[in-house]
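Engineer: I'll drop the sequence and a predicted model, then ask my questions.
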Amino acid sequence: MFAGILIILLAPSVEEVPEEDPPPLQEEAPALIVSGDAQSHTSSSPAREQHLRLPTFRPPTVNGLPDKLDIDDFLTISHPHAKRPPVHKRFDEFNRAPPAVDPAKLNRTPWHPFKSRADFEFAEFVLNAALNEGQVDALLALIDRVSGGQSQLSFRKYSDLKDVWAAASRVTPPFLKHTVTAPYKKKERTFTMYCRSLFEWSLGLLKDPMLASKFIWHAQRLFKYNGTSWERFVDEPNTADGWWRAEDALPEDADPLMYVLYADKTRLSSFGTQKGYPIIARIANLPSDIRNGEEFGGGQVVGFLPIVEDENEEGKKGFTTYKRIIWHESFWILLETISKYAKTGYKFTCGNNVTRILYPIVLILVADYEEQAMMSLNRGPKGLSPCPVCLVPQDKQIFLGLEPQYPYREAAPVQALLDNTELTKRQLDEALKPMGLRPVENVFWKLPYCDVYRALSWDRLHAYHGGLFSDHLFEEFQQIVKNLGREALVEVNQQFDNIPSWPNLNHFDAVVSVHFTDGQKYEDISKAIVQATHSVFRRMKSKQGYMLLKCIRRYIILDVLASLEVHMEATLRLYAAELAKYSQTIQEYAAKFPDKNWNFPKGHTHQHLVYDIVEKGVSKNFNTKPFEKMHGVIKGIYQDQTNFKNVEAQIARIEHQLSVTRYIRSQINALDTALHGPPKEPKIDLFRFDHVHLGAPQKPASLSEIEAAHATELDFERFRLRLEKYLNQRFNIPQVDYESRVTWKLNTDNLRCNPSFHGAPRYDHIIYNINHTEVGFAQLQFVFVCEFMGTRYPLALVRRLDVVNTRRTVDRDLGLCRVRCTNIRHASQFIPITSIVRGALITPDAEKASDSFVIDTVDGDMFLRLRQDFPLWDT
């Protein structure tokens, strides 16, 4: 569902702070130069011209539009191959949801080849519970005794279940065993690879009537009207330029079947002695909520690469090259199933009875840096050109700009060197060394319509949270705090502990000496690190700590912009400008404190994010996070369902059973929904007032009881006289719906106003409408509903926080959004619940008790909202 939106620049409620005149602001970085056309690009690709090109967002020329356009109207222009006219929709009509499935097409016995639903659900339970043969036999015997021989299960022993699994294995393509043989030091070595047919797996999705109607087949340009012109936006891969250009190269009747492929090694055993190397596939034609989900239609393990290890040879250049030869020859076994049809097309009738000519294309490769080096055959961080995508020299990675500073890689010159039979191995190696490449044939060169250097994608999880921040910025921060001594360490930890709780945000009471394997924790630390710790570095006069926080502030802005689920020209421009600012700030830090080398790949690769978004859609389309979540399933199989011998075959067998289970479960759930309707949500006792819901009601209370309970709190002073009504209900959980300024969809904040939430008081902060032209900040103190003459009035007692208008130098340097409560008596006031816009994370300033900081980077909506509504904080 979408809701209307009107973005207004507002004058905040302000309070002057006596201070010296602020120094002049630094000149803004120049805007990106945008070139190109919003329609099809049939000329050479942006990358081949070796500079970043963004599509223009100038209004397309479209006939037949209404004479009067409304703000937030939408326009969809499909690729010419779709043979669809441009579509104009009003905001409340714009709906990209796929059509509903015809119930008549659903299988009425979806559990087949299991004899009954009970049989399937028993098998599903056994698989998920990781029961072994003896446990299954014991459980079946127990069920038979308890039911007196009247059990609905047809199974009597484990072998019965095993036989049905064998029959069910045909539901999805099975894993097959392959071998790869190549010589090393004149001796043949053979490795085993398990994989299923990538193409057959995708056809299995297409023949399903539920999924077939949800596939997106053609590129689109999406525009939103801002009152004066059309602005293009991108989100899904088919809204980006790479898909459009791929269709340009295909026959007119072709339907591109777009793959997203991921590979990475993972430790299976606790001590890391046993490893797995899964390849996981997703289909880019499916919407992101399905594609990145865990059910049928989501990610699927399609293969396990061989792990090439030899303690005696590890680290030798020849063996390093050999491992890459095996990797690429093994990967070809998977890709060969789609390579043929990428050239000729494949005619197929989908589950919705539509016949299509499929052209499989690898659109996106997802991997961390180390795996990208394997895919691109890059020599890694110590190579002369360590970026998998461009030719940046090793010692120039710290220099970032609005556009890439160095040429993008091209396959043709590398292939020419490898094909040159006159070169010796040494000469070939020397010729490739400046490019930072290994002398190996790249498997992706064999695929039509696939440019490996363009398919490789920036990964937010490892490049930012588990890379630039965790291993560099935060590690530097921890060392600086430790160098300042125990007092600083204790104070930093205490100030992190003082940050209020916030939904989906980890809370920390210690950060200085801790290390995590979870990138999410580093992301959560980064969001509040500047607000929580700047006072420590200022009080202890740590210039290094202060300068590092300036770098971290620039990084946090980049991270929140990278996370946006919809990008427009303005946000792409903003990211590029902030990237240039970050580069300048980190260069200044490196010049002042040269002990650390800031030339490393994860400090450079975000140079290519804007290009990746323009080519493939927003960053969630190529983030490793949903893929790495699947590692846990593989580890669970290894630990609970194998005998730790020949584990690849056992993991492949169990993983195949899981994929069969997901398919059958999806069919059963669809049938249940068709017959009985969707599952009913648990009933929650809510009072709804416009976009606000009040939950967890307490018992009715009188005014005297309220005053007595809060007699010592200044916020409740003269409560009876100020309210002059009796209290009917009070609530602890206001639920607020608001329209996201990122996606224009409804989001929900569950706010807390509770004297004892999990054993501690919690009174959340809010953004609320002061009047029709102003918004402000406040802290909830009391939420209640008054009833007067049969009408209910939802109200809240809040403590108002005023925006501090004159910015201190520290606020400008570190992007601090300062608010102030000068007098509790004057700040306490009643507001209508319906004036609440959304929740806000606000943390106290350790230097000044009356001041607090709004954390603007808690999410993308908050960041854009504050920049639009409070231009003062645009730093």
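Structural biologist: Nice, thanks for sending it over. Numbering: from 1, shown residues only.
Engineer: Which positions in stretch 534-546 come out as buried?
Structural biologist: By neighbour count with 16 or more other C-beta atoms under 10 Å, stretch 534-546 contains the buried residues 534-538, 540, 542, 544-546. No exception for glycine: its C-beta is placed from N, CA and C like everyone else's.
Engineer: ditto for stretch 436-446
Structural biologist: 436-444.
Engineer: List the ones among those that fall in strands.
Structural biologist: Of the positions in these, not one sits in strands, assigned by DSSP state E.
Engineer: Could you give the average pLDDT over the helix or strand harbouring residue 671?
Structural biologist: Using DSSP states H and E, residue 671 maps to helix 647-676. Average pLDDT, helix 647-676: 92.
Engineer: before we move on, back to that, reformat the buried residues of stretch 436-446 as JSON lines; add distance to residue 429 and pLDDT.
Structural biologist: Formatted as JSON lines, the buried residues of stretch 436-446 follow (distance: C-beta to C-beta, whole Å; pLDDT from 0 to 100):
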{"residue": "436", "distance to residue 429": "12", "pLDDT": "96"}
{"residue": "437", "distance to residue 429": "10", "pLDDT": "96"}
{"residue": "438", "distance to residue 429": "8", "pLDDT": "96"}
{"residue": "439", "distance to residue 429": "6", "pLDDT": "96"}
{"residue": "440", "distance to residue 429": "11", "pLDDT": "96"}
{"residue": "441", "distance to residue 429": "14", "pLDDT": "96"}
{"residue": "442", "distance to residue 429": "16", "pLDDT": "97"}
{"residue": "443", "distance to residue 429": "20", "pLDDT": "97"}
{"residue": "444", "distance to residue 429": "21", "pLDDT": "97"}
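Engineer: Farthest pair within those residues?
Structural biologist: 436 and 443 (18.4 Å; C-beta to C-beta).
Engineer: Switch the buried residues of stretch 436-446 over to CSV; also include distance to residue 369.
Structural biologist: Shown next, in CSV, are the buried residues of stretch 436-446 (distance: C-beta to C-beta, whole Å):
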residue, distance to residue 369
436, 13
437, 15
438, 16
439, 21
440, 18
441, 22
442, 17
443, 19
444, 17
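Engineer: Name the nearest of the residues you listed relative to residue 67.
Structural biologist: residue 444 (50.1 Å).
Engineer: show me what contacts that closest one?
Structural biologist: 335, 362, 365, 375, 450-452, 455 (C-beta atoms under 8 Å, 6 or more residues apart in numbering).
Engineer: Now intersect those with the strands, please.
Structural biologist: Using DSSP E, the contacts of residue 444 in strands are 362, 365.
Engineer: and which of the contacts of residue 444 is nearest residue 283?
Structural biologist: Of the contacts of residue 444, the one sitting nearest to residue 283 (C-beta to C-beta) turns out to be residue 362, at 11.4 Å.
Engineer: so what's the closest one scoring on pLDDT?
Structural biologist: pLDDT for residue 362: 98.
Engineer: Surely it touches residue 257?
Structural biologist: No. Counting by C-beta atoms under 8 Å, residue 362 stays clear of residue 257, with 10.2 Å between them.
Engineer: Which helix or which strand is home to residue 281?
Structural biologist: strand 278-283.
Engineer: What's the mean pLDDT across that strand?
Structural biologist: The average pLDDT for strand 278-283 rounds to 98.
Engineer: mind listing what's buried in the helix or strand just after that strand?
Structural biologist: Using DSSP H and E, the next helix or strand after strand 278-283 towards the C-terminus is helix 288-291. Neighbour counts over helix 288-291 (16+ other C-beta under 10 Å) mark 288, 290-291 as buried.
Engineer: helices or strands next to the helix holding residue 671 in the packing?
Structural biologist: helix 117-129, helix 158-168, strand 187-195, helix 209-212, strand 275-276, strand 300-304, helix 631-641 (3 or more C-beta pairs under 8 Å, 6 or more residues apart in numbering; DSSP states H and E).
Engineer: Could you single out the most deeply buried of the ones you listed?
Structural biologist: strand 300-304 (a mean of 25; mean count of other C-beta atoms under 10 Å).
Engineer: Tell me how far that one lies from the chain's centre.
Structural biologist: Between the centre of strand 300-304 and the centre of its chain there are 22 Å (C-alpha atoms, centre = their mean, to the nearest Å).
Engineer: Mind listing the strands that strand pairs with, and their directions?
Structural biologist: In the sheet, strand 300-304 lines up against strand 187-195 (antiparallel), strand 278-283 (antiparallel) (DSSP bridges).
Engineer: remind me which residues of this protein are low pLDDT?
Structural biologist: 1-58, 681-691, 693-708, 711, 714-733 (pLDDT under 70).
Engineer: for it, which residue is closest to the average position?
Structural biologist: residue 620 (4.0 Å; C-alpha atoms, centre = their mean).
Engineer: sec struct for the closest residue to residue 160 other than its chain neighbours, please.
Structural biologist: Distances taken as C-beta to C-beta, 6 or more residues apart in numbering place residue 154 nearest to residue 160, at 7.0 Å, with adjacent residues excluded. Following DSSP: H, G, I helix; E, B strand; the rest coil, residue 154 is assigned to coil.
Engineer: From residue 131, how far out is residue 154?
Structural biologist: 18 Å (C-beta to C-beta, to the nearest Å).
Engineer: mind listing the strands in the stretch 701-850 of the chain by residue range?
Structural biologist: Shown for the stretch 701-850 of the chain, the strands assigned by DSSP state E, counting those that start in this stretch span residues 727-739, 746-750, 753-757, 760-763, 765-769, 775-788, 791-804, 817-820, 828-832, 836-840, 842-844.
Engineer: Direction included, what does the helix or strand immediately after the shortest one in the chain pair up with?
Structural biologist: For strand 842-844, the following helix or strand on the C-terminal side (DSSP H and E) is strand 851-854. According to DSSP bridges, the neighbouring strands of strand 851-854, each with its direction, are strand 817-820 (antiparallel), strand 842-844 (antiparallel).
Engineer: out of the ones you listed, deepest packed?
Structural biologist: Highest mean neighbour count among the strands paired with strand 851-854 (mean count of other C-beta under 10 Å): strand 817-820, with a mean of 23.
Engineer: Please export the C-alpha coordinates of that one as PDB.
Structural biologist: The C-alpha coordinates for strand 817-820 follow below in PDB (Å, rounded to 0.1, in the frame of the first residue of the first chain):
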ATOM      1  CA  CYS A 817      21.600  17.200  15.600                       C
ATOM      2  CA  ARG A 818      21.300  19.000  18.900                       C
ATOM      3  CA  VAL A 819      18.000  19.500  20.700                       C
ATOM      4  CA  ARG A 820      17.400  21.000  24.200                       C
END
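Engineer: now what about that strand, what contacts it?
Structural biologist: 15, 17, 777, 801-804, 807-808, 811, 842, 845, 850-856, 866, 870, 873.
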